[in-house]
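J.: need the 3D shape of this:
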Amino acid sequence: MRFLFRLYNYYFSPDKQFARRLRSLIGFTPYRLGIFKLAFSHKSTASEKGYAAQNNERLEYLGDAVLGTIVAEYLFKKYPNSDEGFLTKMRSKIVKRKSLNKIGDKMGLDVLLSEYNNTRLSRSMLGNAVEALVGAIYLEKGYDGTSNFIVRKVLRNYVNVHELESFDDNYKSQLLEWCQKNGQSVNYKLLARYKFEKRDRFKVAVMVNGQRMATADDFNKKSAEQTASEKAMQALGILSDD
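T.: A predicted model of the protein is given here:
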């Protein structure tokens, strides 16, 4: 029966173009196209249409959990002699918001998001869509099928795992070390705490020798400090913009 649904979706459905684009993206034609359309529906657009509950947040929640588990299993098998600390850092480098935003961009999810939303796209929407897409694939294919997609389609195509081994993404620690070596002082200042999409959001500034070098916003204060530190290092010329 599922085979017939997939056949219909690919050849006869009103959404057949969407089904075909999905096939080139994820490697198969879904039989439940509605779930995959939902994966690209941001809540701002859904609210405008009067379907407040119909957006990709629930799929994003599911995909976040599934993605973290599959990446953890992948790293556990790939590095049989590595300790928990190394594995945790590697998983964080792969599934953190900035990495998922880049993966979503490389996958071309911005095109699908533009088609199904009437709102201005943000970088975070790309990462959210990656997680929502994983959630949709999990509902369609189960754990094994989702694991196959993440390992073969995502990790192998869009993530350089070996490069991440030596990549230090603790910009706050790097900035502190640079300041100590160069006789500079560094501290962080909370500029604002406000509500955004019903969640607390923090705006912080990083100060070097009392001079504001950079600011950043995030839902997590520590993440905002990391982003601000990265920007400060770029401003100081000790980190490239790439």
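
J.: checking Lys77 next. Helix, strand or coil?
T.: Look at Lys77: counting by DSSP: H, G, I helix; E, B strand; the rest coil, its state is helix.

J.: what is the helix of greatest length in the chain packed up against?
T.: If each helix of the chain is counted by residues according to DSSP state H, the longest one is helix 123-149. With contacts taken as 3 or more Cβ pairs under 8 Å, 6 or more residues apart in numbering; DSSP states H and E, helix 123-149 sits against helix 16-26, helix 33-39, helix 57-78, helix 97-107, helix 109-116. Placement of C-beta: from N, CA and C, glycine included.

J.: pick the most deeply packed of those helices.
T.: helix 33-39 (a mean of 21; mean count of other Cβ atoms under 10 Å).

J.: outline the domain layout of the chain.
T.: 2-165, 171-235 (automatic domain parsing).

J.: could you dump those to TSV with mean pLDDT?
T.: Listed next are the domains of the chain as TSV, based on pLDDT from 0 to 100:
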stretch	mean pLDDT
domain 2-165	91
domain 171-235	92
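
J.: measure the residue located most distally from the centre of the chain to Leu175 for me?
T.: Note on the chain: the largest C-alpha distance from the chain mean falls to Gly183, namely 36.4 Å (Cα atoms, centre = their mean). Gly183 is 14 Å from Leu175, where distance means Cβ to Cβ, to the nearest Å.

J.: how about Ala136?
T.: 39 Å.

J.: just Glu84 next, same as before
T.: Separation of Glu84 from Leu175 (Cβ to Cβ): 27 Å.

J.: and those two? Which one has more around it.
T.: Comparing Glu84 with Leu175 by other Cβ atoms under 10 Å, the one with more neighbours is Leu175, at 26 against 8.

J.: tell me if I'm right that the more buried one and Asn187 touch.
T.: No. Applying Cβ atoms under 8 Å as the test, Leu175 and Asn187 come out as separate, 10.9 Å apart.

J.: what do these two both touch?
T.: Residues touching both Leu175 and Asn187 (Cβ atoms under 8 Å, 6 or more residues apart in numbering): Val206.

J.: ok so, going back, give me the residues contacting the helix or strand following the longest helix of the chain.
T.: Downstream of helix 123-149, the next assigned helix or strand under DSSP states H and E is helix 156-158. Residues from elsewhere that reach helix 156-158 (Cβ under 8 Å, 6+ apart): Lys102, Ile103, Lys106, Met107.

J.: how about those residues in JSON lines, adding distance to Arg152?
T.: Listed next are the contacts of helix 156-158 as JSON lines, based on distance: Cβ to Cβ, whole Å:
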{"residue": "Lys102", "distance to Arg152": "19"}
{"residue": "Ile103", "distance to Arg152": "14"}
{"residue": "Lys106", "distance to Arg152": "15"}
{"residue": "Met107", "distance to Arg152": "13"}
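
J.: any idea which of those residues is closest to Phe36?
T.: Met107 (13.6 Å; Cβ to Cβ).

J.: who touches the closest one in this structure?
T.: Counted by Cβ under 8 Å, 6+ apart, Met107 has contacts Leu25, Val130, Val154, Tyr158.

J.: let's see if you can find the most crowded of the residues you listed.
T.: Busiest of the contacts of Met107 [other Cβ under 10 Å] is Val130, holding 28 neighbours.

J.: so that one makes contact with Asp64?
T.: No. In this structure, Val130 is not within contact of Asp64 by Cβ under 8 Å, at 9.6 Å.

J.: picking that back up, what's the closest of the contacts of helix 156-158 to Leu236?
T.: Closest to Leu236, out of all of the contacts of helix 156-158 and judged by Cβ to Cβ, is Lys102, at 23.3 Å.
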